[in-house]
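[1] let me see the structure of the following:
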Amino acid sequence: MLPNLNKRTFTLGMASAVALGLAACGTKPTKPGATAGLYPAFGGNEPPAAPREFRAAWVSTVANIDWPSKPNLSAAKQQQEVLAILDRAKAMNLNAIVLQVRPAADTIYPSNLEPWTEYLSGIQGKAPQPFYDPLAYWITEAHARGIELHAWFNPYRARLDASRGQSAPNHITNTNPAIVKRYGKFMWMDPGEPAAVKQTLDVILDVVRRYDIDGVHIDDYFYPYPIDAAPQMAGNAAALDGRAGTRELDFPDDPAWHRYLASGGQLDRANWRRDNVNRLIEAMYKGIHAEKSWVRFGISPFGLGRPDRRPPGINGFSQYDKLYADAELWLEKGWVDYFVPQLYWPIKPPGQAYDVLLDYWIRQNPQRRHIWPGLFTSRIGAATKAYEPQEVLAQVDVTRTRPLATGHVHFSMVALMQNRKGIADQLRTTRYAGQALVPATPWLGSERPGTPLVGAARRANSVDLTLKAGKANALYAVWSRHSGQWRFAVVPAVRVAWSVPDDAALGAAEIVVVSAVDRLGNEGARVRVWGKA
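    Here you go, the predicted structure:
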């Protein structure tokens, strides 16, 4: 992601993680600041449409920003931190985690293509001890809580000078050094080198084949953020702040560029670089869906669009000209399933106003892909340019007033784990008062899932359900009516039993309705399992 890679000065504070919340009531995510868990307007015999909103957080492994909290923890301690993060996400009514699985051409899972990341053990190439597969563990535990797991890849970053040790023998800097270039404090795979493109695509498709992920997610690092030749400073922070260098260091891709010209290439260098990135994006989109049609592909680019299309008053860094990222084209072509522009600025400043930028990206979306902006929640409590929690709450509200923006992603989970200035509590009680399904993705498939088999029995303080999933069930949507008002819960399909508790104020459930939801968010037929009309 865009913020610099220095470890946050805060600790994870795992001891403060909230216990897993099993029962939840409904909310209407389209209403700004909605807090109600009830649906009095739908007091009839049939429940309303299920609430839908993508509510996610990035979990960074690079520099141990989010997880694990430091390298060389035991496998048991790493797993404890996984559970704490997922329990906090569940308790907050988040429904997705975007987990960094490939920080710098290394992995958090066993791979024949790239080495283990040093951020697990402190040594690149060394597996967790005792051995386990962290990605498989994350997926299993996320799905057990009804939370999606999206695998986040950095496409081209190969190495950071801040790395603690030597590269492993099977790291790309050793196995194919000709395609890796030094750029300031980074080693970077050259997007103009076909072998670099193949490496990234092979790694991503390997994960799609081997793991039960819900999405593939790539960040904003295509060509590297430009750095000032003197002094050499990482350029991502400068881009976010709108500062320009006096003399930018050009990316050293002469060998690939001259081969392109010798082959008869006609593009100028900037358009050639953009074409290199475009071809990777298109290949990812098609390759992922050829393997598994239900795995969604998302990109989180820098939040400012190309200069010739920007709204009046918007200014700042151009990813189109500097990162060679033609994000508008990807939306136009429909090469993404969801788009997460990093809108890492407050609402007020006119030069990068959150609401104006959100509207800009909505207008660039003729294929009606999901727009789920990224929020810089980690600026709460930061040493400089800090946010107050109200800024993030207001950005959630603004997003909900745009019908074509149906969710958001927090950078990053550490701010929610630490509950900085009460932000996790405030989100939970005021914006995420109830659970929500992820918005459906009908362009990847619209067939409804099979009808589950559900039994119901009245107990002393609840209606207890026995559940058996039908075809393609990933979740159950459970509605219960109490004194004429509806409550909503999302239940993982791995559950075989579920209790609908009596409400302390409204009494016992009069009606219980259950439906199945598949991996793409399609809801099946609703079945009344308790109560009479």
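[2] going forward, measure contacts between C-alpha atoms and count neighbours the same way
    Fine.
[3] the most centrally placed residue in the chain: what secondary structure?
    Nearest residue to the geometric centre of the chain (Cα atoms, centre = their mean): residue 98, 3.5 Å. Put simply, residue 98 is strand when judged by DSSP: H, G, I helix; E, B strand; the rest coil.
[4] what sits against it?
    The contact partners of residue 98, by Cα atoms under 8 Å, 6 or more residues apart in numbering, come to 56, 57, 58, 59, 149, 150, 151, 152, 217.
[5] please redo it, this time with the cut-off set to 7 Å
    56, 57, 58, 59, 149, 150, 151, 152 (Cα atoms under 7 Å, 6 or more residues apart in numbering).
[6] can you pull the pLDDT of it?
    pLDDT recorded at residue 98 is 98.
[7] against residue 294, how distant is it?
    Look at residue 98 and residue 294: by Cα to Cα, to the nearest Å, they are 16 Å apart.
[8] repeat that for residue 416.
    Residue 416 is 29 Å from residue 294, by Cα to Cα.
[9] can you tell me the helix or strand for residue 110?
    Assigned by DSSP states H and E, residue 110 belongs to neither a helix nor a strand.
[10] now for it, how many residues are close by?
    20 (other Cα atoms under 10 Å).
[11] give me the below-cutoff pLDDT ranges for the stretch 201-350 of the chain.
    229-238, 242-246 (pLDDT under 70).
[12] show me the strands in it, by range?
    In the stretch 201-350 of the chain, the strands defined using DSSP state E, counting those that start in this stretch lie at 215-218, 296-299, 338-339.
[13] helices or strands up against the shortest one?
    In terms of contacts (3 or more Cα pairs under 7 Å, 6 or more residues apart in numbering; DSSP states H and E), strand 338-339 is packed against strand 296-299, strand 370-371.
[14] right, and the helix or strand after the shortest one?
    For strand 370-371, the following helix or strand on the C-terminal side (DSSP H and E) is strand 374-375.
[15] show residues contacting that following strand.
    In contact with strand 374-375 (Cα under 7 Å, 6+ apart) are residues 340, 341, 342, 343, 344, 408, 409, 410, 411.
[16] any idea of the mean pLDDT in that strand?
    98.
[17] if we can go back for a sec, more neighbours: which of residue 416 and residue 294?
    Higher neighbour count among residue 416 and residue 294: residue 416, with 26 against 19, using other Cα under 10 Å.
[18] so how far is residue 63 from residue 83?
    20 Å.
[19] thinking again about what came up before, nearest to residue 174, of the strands of the stretch 201-350 of the chain?
    With Cα to Cα as the measure, strand 215-218 is the member of the strands of the stretch 201-350 of the chain nearest residue 174 (24.0 Å).
[20] ok, back up a step: let's have the strands of the stretch 201-350 of the chain in a markdown table, adding distance to residue 324.
    Shown next, in a markdown table, are the strands of the stretch 201-350 of the chain (distance: least, Cα to Cα, whole Å):
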| stretch | distance to residue 324 |
| --- | --- |
| strand 215-218 | 15 |
| strand 296-299 | 15 |
| strand 338-339 | 17 |
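[21] can you list contacts of the longest helix seen in the chain?
    Identified as the longest helix of the chain according to DSSP state H is helix 269-291. Outside of helix 269-291, the residues within contact range by Cα under 7 Å, 6+ apart are 191-192, 197, 201, 205, 208-209, 222, 295, 297, 324-326, 335-336.
[22] switch the cut-off to 6 Å
    192, 324, 335 (Cα atoms under 6 Å, 6 or more residues apart in numbering).
[23] and it, how far out from the chain's middle?
    The chain centroid and the centroid of helix 269-291 are separated by 20 Å under Cα atoms, centre = their mean, to the nearest Å.
[24] give the buried residues for that helix.
    272-278, 280-281, 284-285, 287-289 (16 or more other Cα atoms under 10 Å).
[25] before we move on, what about stretch 403-410?
    Neighbour-count burial for stretch 403-410 [16+ other Cα under 10 Å]: 404, 405, 406, 407, 408, 409, 410.
[26] quick one: residues contacting the nearest residue to the third one once chain neighbours are set aside.
    The one in question is residue 406. Distances taken as Cα to Cα, 6 or more residues apart in numbering put residue 53 closest to residue 406, at 5.4 Å, once the chain neighbours are dropped. By Cα under 6 Å, 6+ apart, the contact set of residue 53 is 406, 407, 436, 438, 439.
[27] hmm, try it at 8 Å
    29, 406, 407, 436, 437, 438, 439.
[28] and the second one, what is it in contact with?
    This points to residue 406. 52, 53, 54, 370, 371, 372, 399, 400, 439.
[29] what about it, distance to residue 69?
    In terms of Cα to Cα, residue 406 sits 31 Å off from residue 69.
[30] just for the stretch 51-200 of the chain, where's the confidence low?
    Ranges of the stretch 51-200 of the chain meeting pLDDT under 70: none found.
[31] which stretches in the stretch 351-500 of the chain count as strands?
    370-371, 374-375, 407-410, 434-435, 453-458, 462-468, 475-482, 485-492, 497-501.
[32] can you list the buried residues in the last one?
    Looking back up the chat, that one is strand 497-501. Buried, per 16+ other Cα under 10 Å, within strand 497-501: 498, 499, 500, 501.
[33] how about residues contacting that strand?
    Here strand 497-501 has contacts from 23, 461, 462, 463, 464, 465, 466, 467, 480, 491, 508, 509, using Cα under 8 Å, 6+ apart.
[34] for that strand, which strands pair with it and how are they oriented?
    In the sheet, strand 497-501 lines up against strand 462-468 (antiparallel) (DSSP bridges).
[35] returning to that earlier point: in CSV: the contacts of helix 269-291, plus distance to residue 447.
    Shown next, in CSV, are these (distance: Cα to Cα, whole Å):
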residue, distance to residue 447
192, 40
324, 38
335, 22
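[36] what's the closest of those residues to residue 137?
    For the contacts of helix 269-291, the nearest to residue 137 is residue 335 (29.5 Å; Cα to Cα).
[37] what about that closest one, neighbour count?
    23.
[38] check contacts around it.
    Contacts of residue 335 (Cα under 8 Å, 6+ apart): 281, 282, 285.
[39] if I look at it, how far off is residue 370?
    Taken as Cα to Cα, the span from residue 335 to residue 370 is 12 Å.
[40] go on, residue 339?
    For residue 339 relative to residue 370 (Cα to Cα), the value is 6 Å.
[41] which one's more surrounded, those two?
    Each of residue 339 and residue 370 has its neighbours counted (other Cα under 10 Å); residue 339 has more, 27 against 23.
[42] from memory that one sits against residue 367, does it?
    No - the pair residue 339 / residue 367 is not scored as a contact, 11.6 Å apart, by Cα atoms under 8 Å.
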